[in-house]
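1. From the sequence below, what's the structure:
(one chain, ligands or ions: 1)
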Amino acid sequence: MSVPFSLGDLPTLSRSTVDRQEGLRTNPSRLLAKWSDARVVLLDDAGRTPVVEGSSVLAFRKAIDFGASPPEDAVFLGEWQDTDYWSLPGGPSGDAQTVKMAGSWGFVEEVPLVDGEVWVELRGYGDLLDDTSAGLFTTAQALRNWRRQAKFCTRCGHPTELVQFGWASKCTNDGREEYPRTDPAVICLVHSTEGTNGSHVLLARQPIWPAGRYSVLAGFVEAGESLEACVLREIREEVGASVSDVRYLGSQPWPFPRSIMLGFTARADRSLPLVPADGEIEEALWVSREEVRAAFANSAARVAKPTPIANGAAEIILPGNSSIARVMLKAWADAEE
Ligand SMILES: [Zn+2]
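-> Residues are numbered from 1 along each chain as shown. From the prediction side, this is the model:
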């Protein structure tokens, strides 16, 4: 008898080493004292950050180069090995060349290259970073995206200002404070009922996805809804299937713009017909463990030697390297029925 599968690896964007030190957000004198030795994560308008080409480490800037004290829009990310880390908006200086890299779904993408640094997005390249860089980039991205949506007070409509070094916004009229919001979304790997972990997994594709790309099902938690009820509702809505034995697997922040993905697994009878939701799901199908293992092997080969995927190729393209969907599928594929 097999054991129920679990996430073997931490999802890539759940990795972190930095201590958030939330108490320091209201301790300006302490933050100022270490500002001159602090490091800064830059984020450009597109949410990209510089990485030393060929490395797994962010190309940090020196905080002192931005002034004697933190600028108004500086966000305190935390402390690691006696160094403070901050985030600030900023783009590449100088002319960019472009360089080809294997992106999120194994597609070759062109990214800007300036002075030996590539400017990359979190979603496509977060998995290539080490734990410290991945955690810093994820937190910086989440706070940046929240701030872009939180410029006005939700009670009176007046402009807000950033306080607590990026961790709250305060209304300039009535002083109301708001904190970074995160929207929960469930994502569920549904497998068939054979044995402990099933022989097949339910995959689906959205009409807007590249040809051949499939993933497990996901959806936002509604107001007043439990996570388990959301899993049942989403799967019924999207593919017309009833699932049972809903079980939590793990989570990952997904700041695009401000979600957290809560990973679950559940079982469904694969002899019953699937009914894809009109306009939302183009195709839903049961895929065997052998086919999923083959898809992972193809994906690894493509990273070793980046090649475009031919249009119309009869190949299952897995979810992006930074997604929890990929970690869930890998864990299920590696498990025994
Ligand atoms: Zn207000």
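2. which other residues reach the lengthiest helix in the chain?
-> Secondary structure of the chain read by DSSP state H shows that its longest helix is helix 131-149. Helix 131-149 is contacted by residues 12-13, 15-18, 20, 41, 43, 47, 49, 51, 56-58, 75, 77-78, 80, 85, 87, 89, 122, 126-127, 129, 162, 166-167, 169, 180-182, 253, 255-258 when judged by C-beta atoms under 8 Å, 6 or more residues apart in numbering. C-beta here means a position set from N, CA and C on the backbone, and glycine is covered the same way.
3. Output the following helix or strand past that helix as CSV, nothing but the C-alphas.
-> Per DSSP states H and E, the first helix or strand lying C-terminal to helix 131-149 is strand 160-163. Below are the C-alpha coordinates for strand 160-163, written out as CSV (Å, rounded to 0.1, in the frame of the first residue of the first chain):
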residue,chain,number,x,y,z
THR,A,160,-2.7,57.7,1.1
GLU,A,161,1.0,57.8,2.1
LEU,A,162,3.3,54.8,2.7
VAL,A,163,4.2,54.3,6.4
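4. chain center to strand 160-163, what's the gap?
-> 26 Å (C-alpha atoms, centre = their mean, to the nearest Å).
5. counting contacts, what elements does that strand pack onto?
-> Under the contact definition 3 or more C-beta pairs under 8 Å, 6 or more residues apart in numbering; DSSP states H and E, strand 160-163 sits against strand 168-171.
6. For residue 236, list the residues it contacts.
-> Residues in contact with residue 236 (C-beta under 8 Å, 6+ apart) are residue 242.
7. Apply 10 Å and report the result again.
-> Contacts were defined as C-beta atoms under 10 Å, 6 or more residues apart in numbering; by that measure residue 236 touches 242, 243, 275, 277.
8. which one among those residues gets closest to the ion?
-> For the contacts of residue 236, the closest approach to the ion (C-beta to the ion) belongs to residue 277, at 39.6 Å.
9. Closest residue of the stretch 201-337 of the chain to the ion?
-> Closest to the ion within the stretch 201-337 of the chain is residue 258: 20.9 Å, counting by C-beta to the ion.
10. how is the protein carved up into domains?
-> For the chain, automatic domain parsing gives the domain ranges 12-149, 150-180, 183-334.
11. Next, the buried residues of stretch 154-173.
-> In terms of neighbour count (16 or more other C-beta atoms under 10 Å), stretch 154-173 has its buried residues at 160, 162, 164, 165, 166, 167, 168, 169, 170, 171.
12. among the residues you listed, which are in reach of the ion?
-> By C-beta under 5 Å from the ion, the members of those lying near the ion are residue 171.
13. thinking again about what came up before, check contacts around the residue of the stretch 201-337 of the chain closest to the ion.
-> Neighbouring residues of residue 258 by C-beta under 10 Å, 6+ apart: 141, 142, 143, 145, 146, 148, 149, 180, 181, 182, 183.
14. And stretch 279-288, what's buried?
-> Of all the residues in stretch 279-288, those buried under the rule 16+ other C-beta under 10 Å are 281, 284, 285, 286, 287.
15. can you tell me which of those residues are in helices?
-> Per DSSP H, the subset of the buried residues of stretch 279-288 in helices is empty.
16. So which of those residues is the closest to residue 300?
-> residue 287 (17.9 Å; C-beta to C-beta).
17. Residues in a beta bridge with that closest one, which ones?
-> On the basis of DSSP bridges, residue 287 is bridged to residue 201.
18. Same check on residue 248?
-> On the basis of DSSP bridges, residue 248 is bridged to residue 264.
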